[in-house]
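Structure, please.
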Amino acid sequence: MQRPTRAQCGDQPDLLDHAAPAINPAEAAELARNIFGVTGDIERLRAEKDANFRIVPRTGPSVLLKITNAVEDRGVTDMQTAALMHLARVDSTLPVPHILPTRDGAPSQTVILTDGQSHVVRLLSFLEGTTLKAAGSASGLHREVGALLARLTLGLRGFAHPASTHVLQWDIKQAHRLRPMLQAIEDGELRCRLTRLIDHFEAEIAPRLPALRAQVVHNDFNPDNLLVDAPGGTRLTGVIDFGDMVHTPLVCDLAVACSYHVGDGPEPLAGVARLVAGYAAHLPLEAEELLLLPDLIRLRHATTLAIGAWRAQRYPENTAYIRRNAAASLLGLTVLDRLGTQAALDALQSE
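A predicted model of the protein is given here:
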């Protein structure tokens with residue numbers, strides 16, 4: 001099977017094609033002690049591209065030690081750090097992690113690990129809570145999810161960084177770059193559906209995107225990255241994982257969030273409509289953004305299915321984690337295809 005090239009998959013396909021750094025808890029604990037002066041019980045957290053460890057000190061709150069994948073562009077890592085520091089300055093009420101300085105007062109430090117590669121090491125505040133996905137139904141929180149996304153987007157308005165325009169395959173505006181990954185999808189019918197969707201993107205959607213409002217956005221506002229106060233959560237308490245930040249149309253960011261809330265009942269877009277209404281209450285949508293939203297949600301599902309299949313072939317031992325959203329993405333795509341664009345638009349404006 002021919003392997004997609006760097007040009008086909010974007011500027012950083014190697015990041016998609018590399019597992020998280022192989023570092024054990026003892027090594028991570030030593031880094032935390034030497035660089036940040038932090039000690040405590042340490043636990044490795046599941047992650048796809050970075051090595052993340054929760055450290056619980058004897059006194060004080062937990063912290064998150066983050067060891068960045070060696071193949072990630074240093075400018076991109078710096079952008080993520082700078083964005084969190086920017087948010088802390090402009091809106092300290094946003095429930096996002098805070099960058100904690102090294103012993104020397106720097107926001108990060110670069111180290112060479114036993115793999116012979118250099119990695120950026122950062123320490124962040126650890127946000128307590130249960131993920132929205134683990135908490136179960138989000139039926140009572142859809143408006144709050146949309147409102148929090150809009151607040152975060154407004155907080156990032158005006159933030160600029162030289163690396164913000166990097167090519168990220170998870171960015172919906174890069175959907176055309178999914179083509180070489182489709183060969184990994186074993187279901188021939190699904191592969192044809194996604195091919196047609198990418199054809200439509202290139203012919204009808206991509207030419208309209210440059211005219212839309214765009215800025216640096218979170219780009220991964222999914223239930224695994226949203227925290228609630230308790231199982232069966234009653235309120236949102238945090239936003240985590242800023243690793244997919246990129247400069248892209250605002251509506252692409254909104255489409256990512258919407259894609260995770262398509263249901264399978266008689267009103268499958270009811271939750272999405274509430275999310276959009278919560279978002280629009282803080283950040284009203286322009287007419288063209290609304291018109292493109294159903295297709296952009298479809299494209300997010302296509303992105304999840306294509307990248308998941310492609311990465312699972314390379315890391316079969318991590319398939320369950322890599323493809324954890326595949327079934328929901330297939331359902332969402334099928335629901336939107338069954339409804340059609342106009343019915344989807346009508347449903348999204350029902351709140």
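
how about the nearest residue to V251 once chain neighbours are set aside, phi and psi?
Residue nearest to V251 in three dimensions, not counting chain neighbours: E289, with 4.0 Å by CB to CB, 6 or more residues apart in numbering. Just so you know, the C-beta spots here come from the backbone N, C-alpha and C atoms, and that holds for glycine as well. When read as degrees, to the nearest 10, the backbone of E289 gives phi -60, psi -40.

my guess is G140 contacts T234, does it?
Yes. G140 is within contact range of T234, at 7.2 Å (criterion: CB atoms under 8 Å).

What distance do you get for the residue positioned nearest the centre of the chain to P231?
When CA atoms, centre = their mean is applied to the chain, the residue found nearest the centroid is D220 (2.3 Å). According to CB to CB, to the nearest Å, D220 and P231 sit 23 Å apart.

if we can go back for a sec, give the full set of residues in contact with the residue nearest to V251.
By CB atoms under 8 Å, 6 or more residues apart in numbering, E289 lies in contact with 212-213, 249-251, 254.

same deal with R122?
Going by CB under 8 Å, 6+ apart, R122 touches 65-66, 68, 81, 99, 107-108.

Narrow these to those in helices?
Those of the contacts of R122 mapping onto helices are T81, per DSSP state H.

can you tell me which of the contacts of R122 lies nearest to E267?
Nearest to E267 among the contacts of R122: K66, at 39.6 Å, using CB to CB.

mind checking the SS state of the closest residue to the closest one other than its chain neighbours?
Excluding its sequence neighbours, the residue lying closest to K66 (CB to CB, 6+ apart) is R122, at 4.8 Å. What DSSP: H, G, I helix; E, B strand; the rest coil gives for R122 is strand.

how close does R122 sit to V38?
Taking CB to CB, one finds R122 at 12 Å from V38.

Can you pull the residues that touch both of those two?
In contact with both R122 and V38: L65, using CB under 8 Å, 6+ apart.

neighbour-wise, which of the contacts of R122 leads?
Among these, L65 has the most neighbours (other CB atoms under 10 Å), with 27 neighbours.

how close does that one get to R44?
Distance of L65 to R44, given as CB to CB: 10 Å.

Common neighbours of the two, please.
Residues touching both L65 and R44 by CB under 8 Å, 6+ apart: 28, 52-53.

quick one on the thing from earlier: measure the residue nearest to K66 to T81 for me?
As judged by CB to CB, R122 and T81 stand 6 Å apart.

shared neighbours of those two, anything?
Joint contacts of R122 and T81 (CB under 8 Å, 6+ apart) are 99, 107-108.

can you tell me which of those residues lies nearest to G129?
Closest approach to G129 among these (CB to CB): I99, at 19.3 Å.

In contact with the closest one, which residues are there?
81, 84-85, 88, 107-108, 122-124 are the contacts of I99 under CB under 8 Å, 6+ apart.

And the residue nearest to K66, how far from G136?
31 Å.

Please apply the same query to P284.
The gap separating P284 from G136 is 31 Å, by CB to CB.

Same drill for those two, tell me which one is more crowded.
Between P284 and G136, counted using other CB under 10 Å, the more crowded position is G136 (13 against 10).

give the contact list for the more buried one.
Contacts of G136 by CB under 8 Å, 6+ apart are 231-232.

what's the distance between it and T304?
In terms of CB to CB, G136 sits 21 Å off from T304.

repeat for A163
In terms of CB to CB, A163 sits 24 Å off from T304.

Could I get the full set of helices for the stretch 201-350 of the chain?
250-259, 270-282, 287-314, 319-322, 326-339, 341-348 (DSSP state H, counting those that start in this stretch).

Let me know which of the ones you listed is tucked in deepest.
helix 250-259 (a mean of 26; mean count of other CB atoms under 10 Å).

for that helix, what is the average pLDDT?
The pLDDT scores in helix 250-259 average 98.

Then stretch 186-195?
Averaging pLDDT along stretch 186-195 yields 97.

and what of stretch 150-163?
pLDDT averaged over stretch 150-163 gives 97.

Done for today, thanks.
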